[in-house]
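[1] Predicted model follows, preceded by the sequence.
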Amino acid sequence: MTTLNELQPGQVGQIVRIDGVDGIASRLREMGFVPGESVQYVRRAPLGDPVKCSIHGCRIAVRSGEARRVLVELVN
């Protein structure tokens with residue numbers, strides 16, 4: 001298991017859980033980051049933050065700190 005932030009461009013992971021019970025965790029869930037969903041890591045911004053990922057056919061940019069809270073299992 002790893003975090004969304006640690007994936008490499010093009011890798012796909014299945015969301016296992018979102019760490020935390022605060023507003024940020026809630027907002028991530030509202031954007032579609034829920035357990036069981038697949039998320040693809042697209043790329044990192046030139047200065048390293050934010051990271052762009054694809055979930056539900058949408059491209060979403062999240063801060064690196066938020067991406068560290070999304071635990072995923074790699075999908076081959």
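    Everything's here; your move. This is a predicted model, so every value here is computed, not measured. Numbering: from 1, shown residues only.
[2] Could you count how many residues lie near residue 59?
    11 (other CB atoms under 10 Å). Any C-beta I mention is one placed from the backbone N, CA and C, and that applies to glycine too.
[3] now it: how far from residue 28?
    Computed as CB to CB, to the nearest Å, the residue 59 to residue 28 distance reads 15 Å.
[4] just residue 5 next, same as before
    13 Å.
[5] which residues do those two both contact?
    residue 70 (CB atoms under 8 Å, 6 or more residues apart in numbering).
[6] for residue 74, what are its contacts?
    2, 7, 11-13.
[7] try 10 Å this time
    The contact partners of residue 74, by CB atoms under 10 Å, 6 or more residues apart in numbering, come to 1-2, 7-8, 11-14.
[8] From the residues you listed, pick the one nearest residue 72.
    Comparing those against residue 72 with CB to CB places residue 13 closest, at 3.0 Å.
[9] Report the spatially nearest residue to residue 24, omitting neighbours in sequence.
    Closest residue to residue 24 apart from its sequence neighbours, by CB to CB, 6 or more residues apart in numbering: residue 66 at 6.0 Å.
[10] and that neighbour, that one's in a helix?
    Yes. Counting by DSSP: H, G, I helix; E, B strand; the rest coil, residue 66 is part of a helix.
[11] Isn't it up against residue 23?
    No. Residue 66 lies out of contact with residue 23 (CB atoms under 10 Å); the separation is 11.1 Å.
[12] Which of these two has more residues huddled nearby?
    When residue 66 and residue 23 are compared on other CB under 10 Å, the one with more neighbours turns out to be residue 66, at 22 against 8.
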